[in-house]
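Enquirer: Next come a sequence and a model predicted from it.
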Amino acid sequence: MALADRFKLSLSPDDIRARYEQERRKRERAASDRIYRELPPEPREERAAPNRPPRTVRSEVAIVGAGFAGLLQAIHLKKSGIEDVVLIEKGSDVGGTWYWNRYPGIACDIESYSYLPLLDETGYIPKERFSRGEEILAYCRLLAERYGLYDRIVFDAQVSNAVWDDAQHVWTVTTDQGDAVTARFVVVAGGVLHKAKLPVVAGSEKFRGRMFHTTGWDYDYTGGSPEGFLDGLVGKRVGVIGTGATAVQVVPRVAEAAEHLYVFQRTPSAVTPRGNRPTDPAWASALAPGWQRERLDNFLAIASGRRPAVDLVRDGWTRIFLNDGADRAAGPEELAAAAELADMENMEEVRAHIDAVVKDRRTAEALKPWYGKHCKRPCWHDSYLETFNRDNVTLVDTDGRGIDRITEAGIVAGGVEYELDLIVFASGFEILSDYTRRMGFDPVGRAGQRLSEAWRARARTLHGVTIPEFPNMFVVGALQGAALPNFVQMINYITRHIARLVDWAVTGQVASLEPTGEAADGWVGKVADSVRGYQAYNAMCTPAYTNNEGHYDETVALGRTAWMGAPDDYLRMIDRWFAEDMGRDLRTVRIACRS
């Protein structure tokens, strides 16, 4: 039997490749096109100055951010015996992205039993298989309370600068509120999805109605709450721009209340059922100690291309990873071709599901994704596709072009004007912009050099954690580190690694540490090799953040991408490095002995 005959495809592989290329070309733009613009302040950002005097603090460790990354960093440092920490948070509470995002229907697309960290320790059991935003925010608060972190957080303060003092071996971190934190170590834990973005659309300043981005949802206008009925939208005509992960959650909730909802689509997402349900009390009561660690190890193995005896998670992510075609390859020589065919088969299943759910044939065809399964982050929802069967919902498919312009009355797409009372941008977050822009400040390292200057030629880190010429600064994120669909799982591993590095320095009387240039260059070379391995795949994808909107550039990629090898290989590598090679790759300065 021919290899292609072992897979369930409605078209030949050549026909599918041709359709992928056709859809990709529709969405091509000139490299010089400016696609996104600065987001104006949203309601929770337009805050009054905190009712407190500026704070001056000395601490062992300053942590920028109090979302999951910042909280986990403080917790792991505390477990290492380092409790003298200060967290600096621009919001008025902990939670990070779950504090800033309160849009209707907000939930996590990673199962809650794996996403919420430290469940074994806290004893908390999520209410549902996929937690809603309010529960996740409440859990962040629980962590801050459980580990005594609230008294160590400077709230309502945006970091404006961080400057290294090479003589004193300390960082001085300042904020827009006049706070000054002096610390030996700085951990930048600002999160992966941090800075919201808006598409560049002609005429957006002319619109007479209400307009906002999902990250600044205006409940004073819409009424309701993240889980409540949006009674303010009754009788209103609403346009949602975007069909990515956020829109998939927002659209069903808006459709329940609006007189009419228009969903403006450039590229459809791959949407299949999530299968959410309340947590089974009997299942929860039977959990043995260490149950979450076992579940996380299982997911990590599957996401790394392994095939454990059982799939404990059994969600959409593990189905994608396990269907890699290896079981239908006759030998090693067929693995690559089998992987491509399995990828096509997976997307055929998505399109078949759309046919089964969406009644209008034209709408169903427009909702079908024609690209590989890793080209865009897949989506799962239990009512998104069904929403397009409602009489008050219209999909406006722009055939890859995006909307034409915004007028005083509404949106023009395909030459047709749609009159609207409200425009919602569900356009996501900046991933392709410069790292310092996304951080919101530009650290000053040794010899007065800013990070943006040091990275002008290309980003340079060791393991995505430390940076040459920026001593005692650690970064939590996916840039040149390892990536998992479950961001918080990887954040947990990285913050634990950073905690042991800080503990090693403190107990070993090390005043400062940083990677050598040679070590960083060696690592960046490995990252570049891993990215090149995916270049052909990304080149056939429709334009998106995964391929720099269709314009691959290795220098750009190195400043925005993760190491693309298996995540469990990365973790074993940094464990081995810490045990055996750290002394070779780090430049250290010992604390001088004083008589």
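Expert: The structure has been received and is ready for your questions.
Enquirer: going forward, measure contacts between C-alpha atoms and count neighbours the same way
Expert: Noted.
Enquirer: Quick check: closest non-adjacent residue to Ser204.
Expert: Excluding the flanking residues, the one nearest Ser204 by C-alpha to C-alpha, 6 or more residues apart in numbering is Ile406, at 5.1 Å.
Enquirer: For burial, what's the neighbour tally of that neighbour?
Expert: 20 (other C-alpha atoms under 10 Å).
Enquirer: and it, how far is that from Val412?
Expert: 6 Å (C-alpha to C-alpha, to the nearest Å).
Enquirer: likewise Asn276?
Expert: Distance from Asn276 to Val412, by C-alpha to C-alpha: 36 Å.
Enquirer: Now the terminal residues of stretch 169-181, how far apart.
Expert: First-to-last residue span, stretch 169-181, C-alpha to C-alpha: 14 Å.
Enquirer: who's the residue nearest to Ser204 bridged to?
Expert: In this structure, Ile406 bridges to Ile411 when assessed by DSSP bridges.
Enquirer: In this structure, where is pLDDT below threshold?
Expert: Along the chain, segments meeting pLDDT under 70 span 30-49, 191-195, 430-433, 545-548, 550-560, 593-595.
Enquirer: domains of it?
Expert: 3-38+196-274+335-425, 56-94+149-194+431-590 (automatic domain parsing).
Enquirer: could the ones you listed go into a markdown table alongside distance to Arg132?
Expert: Putting the domains of the chain into a markdown table (distance: least, C-alpha to C-alpha, whole Å) gives the following:
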| stretch | distance to Arg132 |
| --- | --- |
| domain 3-38+196-274+335-425 | 9 |
| domain 56-94+149-194+431-590 | 16 |
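Enquirer: what about those domains, which gets the closest to Ala286?
Expert: Distance to Ala286, taken as C-alpha to C-alpha, is lowest for domain 56-94+149-194+431-590 among these, at 23.2 Å.
Enquirer: ok, Gly414 - how many residues close by?
Expert: Gly414 has 15 nearby residues by other C-alpha under 10 Å.
Enquirer: and the spatially closest residue to it that is not a sequence neighbour, how far is that from Val416?
Expert: Sequence neighbours aside, Thr398 is the residue nearest to Gly414 in space, at 6.4 Å (criterion: C-alpha to C-alpha, 6+ apart). Per C-alpha to C-alpha, Thr398 is found 11 Å from Val416.
Enquirer: got it, and Ala338?
Expert: For Ala338 relative to Val416 (C-alpha to C-alpha), the value is 44 Å.
Enquirer: again with Ile320
Expert: For Ile320, the distance to Val416 - C-alpha to C-alpha - is 38 Å.
Enquirer: Also Arg500?
Expert: Counting by C-alpha to C-alpha, the gap from Arg500 to Val416 is 59 Å.
Enquirer: Mind checking which of these two has more residues around it?
Expert: Arg500 (16 against 11).
Enquirer: Please identify the helix or strand for the more buried one.
Expert: Using DSSP states H and E, Arg500 falls within helix 487-507.
Enquirer: Can you point out the buried residues in that helix?
Expert: 487-492, 494-503, 505-506 (16 or more other C-alpha atoms under 10 Å).
Enquirer: What is the neighbour count of the closest residue to Gly209 other than its chain neighbours?
Expert: Setting aside the residues directly before and after it, Gly209 is nearest to Asp421 in space (C-alpha to C-alpha, 6+ apart), at 5.0 Å. Residue neighbour count, defined by other C-alpha under 10 Å, stands at 17 for Asp421.
Enquirer: got the contact list for Asp421?
Expert: Gly209, Arg210, Lys236, Arg237, Val238, Ala409, Gly410 (C-alpha atoms under 8 Å, 6 or more residues apart in numbering).
Enquirer: Spell out the residue ranges of the helices in the stretch 301-450 of the chain.
Expert: All helices of the stretch 301-450 of the chain, identified by DSSP state H, counting those that start in this stretch, fall at 316-322, 335-357, 361-367, 384-387, 435-439.
Enquirer: can you list contacts of the third one?
Expert: So the one you mean is helix 361-367. Pro268, Ser269, Ile354, Asp355, Val358, Phe388, Leu395, Asp397.
Enquirer: Buried ones among the residues you listed?
Expert: Pro268, Ser269, Ile354, Asp355, Val358, Phe388, Leu395, Asp397.
Enquirer: need those residues in TSV with distance to Ile591, can you?
Expert: Formatted as TSV, those follow (distance: C-alpha to C-alpha, whole Å):
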residue	distance to Ile591
Pro268	57
Ser269	54
Ile354	64
Asp355	67
Val358	67
Phe388	65
Leu395	64
Asp397	63
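Enquirer: distance between stretch 68-79 and the chain's centre?
Expert: 19 Å (C-alpha atoms, centre = their mean, to the nearest Å).
Enquirer: cool, and stretch 279-292?
Expert: Remark: stretch 279-292 is offset 28 Å from the chain centroid, using C-alpha atoms, centre = their mean.
Enquirer: how about that stretch: buried residues?
Expert: Of the residues in stretch 279-292, those buried (16+ other C-alpha under 10 Å) are Thr279, Gln292.
Enquirer: again with stretch 416-427
Expert: Buried residues in stretch 416-427 (16+ other C-alpha under 10 Å): Tyr418, Glu419, Leu420, Asp421, Leu422, Ile423, Val424, Phe425, Ala426, Ser427.
Enquirer: For the first one, list each beta-bridge partner.
Expert: Listed by DSSP bridges, the beta-bridge partners for Tyr418 are Ile411.
Enquirer: That one and Leu571: what is the separation?
Expert: From Tyr418 to Leu571 the distance is 51 Å (C-alpha to C-alpha).
Enquirer: Please apply the same query to Val254.
Expert: For Val254 relative to Leu571 (C-alpha to C-alpha), the value is 42 Å.
Enquirer: out of the two, which sits in the busier spot?
Expert: Remark: of Val254 and Leu571, Val254 carries more neighbours, 25 against 17, as counted by other C-alpha under 10 Å.
Enquirer: tell me which element the more buried one falls in.
Expert: Counting by DSSP H and E, Val254 is part of helix 245-257.
Enquirer: Quick one: residues in contact with that helix.
Expert: Contacts for helix 245-257 (C-alpha under 8 Å, 6+ apart): 103-107, 214, 229-231, 233-234, 240, 261, 263, 269, 377-379, 381, 383-384, 387, 392-393, 426-428.
Enquirer: Before I go, just wanted to say thanks for your time.
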